[in-house]
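Asks: Below are the sequence and a predicted model; questions follow.
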Amino acid sequence: MDGPKTRLMRMLRAMTIPTEPIGSIPRPAALLETIAAFQAGKIAQAALDEAYAAALRDTIERLEQTGSPVLSDGEQTKPSFATYPLSGLSLAPDGVVIPFADGHTRQLPRLTAGPFRYGIHAGCYTSAARALTRRPIKQAVISASALSLLYPAAEIDGYSREAFLADLIDEAEADIRGALNVGADSVQIDFTEGRLSLKLDPSGGLLRSFVDLNNQVLDRFSRDERRRIGVHVCPGGDHDSTHSADVDYAGLLPDLFQMSVGRFYLQMASEPDRPRVLRLVKQLLQPDRTVFIGVIDPIDPAVESASTVRDRVLEAASILHVAQLGSTDDCGFSPFADDVSTAREIAFAKIRARVEGTELAAQELGV
């Protein structure tokens, strides 16, 4: 009789509909306690580094146990999906405020002086994760457009917006290229501000400026490299709340699909009218691109069954070409390190359901 490891390897070999995580996994309680102790000056950097390493090892091992054919580092050592590059910059705390539907907010810092340089690049996260597994590693990075919000409305003395954007484009390119160079199977650009931009500017002008800025970064990559680069959009996901779920996808997708990437990762499980949005995706998706449809809702505390995931994949396959279809999670489970609204165990159970349900759909489709 086959053992669990044999069955897992057979499933990984058989899967022909790709399935990938978005990125973040809730951090272990022990790590959060260690971070708090470090911030309070009670422990040394070495103890924090040990806690980070332990959390990363545990995350990789447990993602492997779910059967995931592609892994991420779970963003265990990032303060958030958006702010990881910002160490060492001249910043003030009073930047752009992002309101969520439940009334809580997140606030970006404000840049006060140049030059703009990343304090850390994502390649270091890729290298650390790759050392722990033989499976492909996907690396999430923050978009240039999100970081463009750091520059204030009033020009910084001695550091123009034009100079800032030039530096930002250079750094964003280096972030992506560095991850690819150290062996990332793919790189995902987090673009959650895309949908939010339509709430801030319903005319779409801000969205189009964001797409243009990101394309200035992407234009520096070859066609083959861009096939390994994707963009993720969702209405936000923090403390079980969103910032732009009330913004219609129809306003976002036509501009989103102008981005020069090979992969699109779309929140879809929590959409109220998935068939309508999927039909729009079909109209816009170019032949040489892949779309990963969200089949797991990280905000819903109920763990989806494999059959529910199967049905969501089959629904998408009834509208989209199967050869261009993949599955994913709607959003990361904990994009900010302090978000404990989703239990770590639930996140892994949901990921396992996505992997198993996607395989069930592949079997039913005969692919």
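Replies: Everything's here; your move.

Asks: When you work out contacts or count neighbours from here on, use the C-alpha atoms and nothing else.
Replies: Fine.

Asks: Which residue ranges of the stretch 101-250 of the chain form helices?
Replies: Secondary structure of the stretch 101-250 of the chain, counting by DSSP state H, counting those that start in this stretch: helices at 123-130, 144-147, 161-181, 193-200, 205-218, 223-227, 249-256.

Asks: can I get these in TSV with distance to Ala44?
Replies: Converted to TSV, the helices of the stretch 101-250 of the chain look like this (distance: least, Cα to Cα, whole Å):
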stretch	distance to Ala44
helix 123-130	21
helix 144-147	30
helix 161-181	28
helix 193-200	36
helix 205-218	38
helix 223-227	40
helix 249-256	44
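
Asks: In CSV: these, plus mean pLDDT and mean neighbour count.
Replies: Compiled in CSV, these are given as follows (pLDDT from 0 to 100; neighbours: other Cα atoms under 10 Å):
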stretch, mean pLDDT, mean neighbour count
helix 123-130, 97, 20
helix 144-147, 98, 22
helix 161-181, 98, 19
helix 193-200, 94, 22
helix 205-218, 98, 19
helix 223-227, 96, 15
helix 249-256, 97, 17
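
Asks: Among those helices, which comes closest to Asp238?
Replies: Smallest distance to Asp238 across the helices of the stretch 101-250 of the chain (Cα to Cα): 13.5 Å, for helix 193-200.

Asks: From the contact counts, what lies against the closest one?
Replies: helix 205-218, strand 229-233, helix 249-256 (3 or more Cα pairs under 8 Å, 6 or more residues apart in numbering; DSSP states H and E).

Asks: Output those as TSV; include the columns distance to Ile142.
Replies: What follows is the helices and strands packed on helix 193-200, written out as TSV (distance: least, Cα to Cα, whole Å):
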stretch	distance to Ile142
helix 205-218	11
strand 229-233	10
helix 249-256	16
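
Asks: Figure out which of the helices of the stretch 101-250 of the chain is closest to Ile351.
Replies: helix 123-130 (18.1 Å).

Asks: what's in contact with that closest one?
Replies: 56, 60, 72-73, 77, 136-139, 175-176, 178-184 (Cα atoms under 8 Å, 6 or more residues apart in numbering).

Asks: for the helices of the stretch 101-250 of the chain, which one sits closest to Cys234?
Replies: Judging these by Cα to Cα, what sits closest to Cys234 is helix 193-200, at 7.0 Å.
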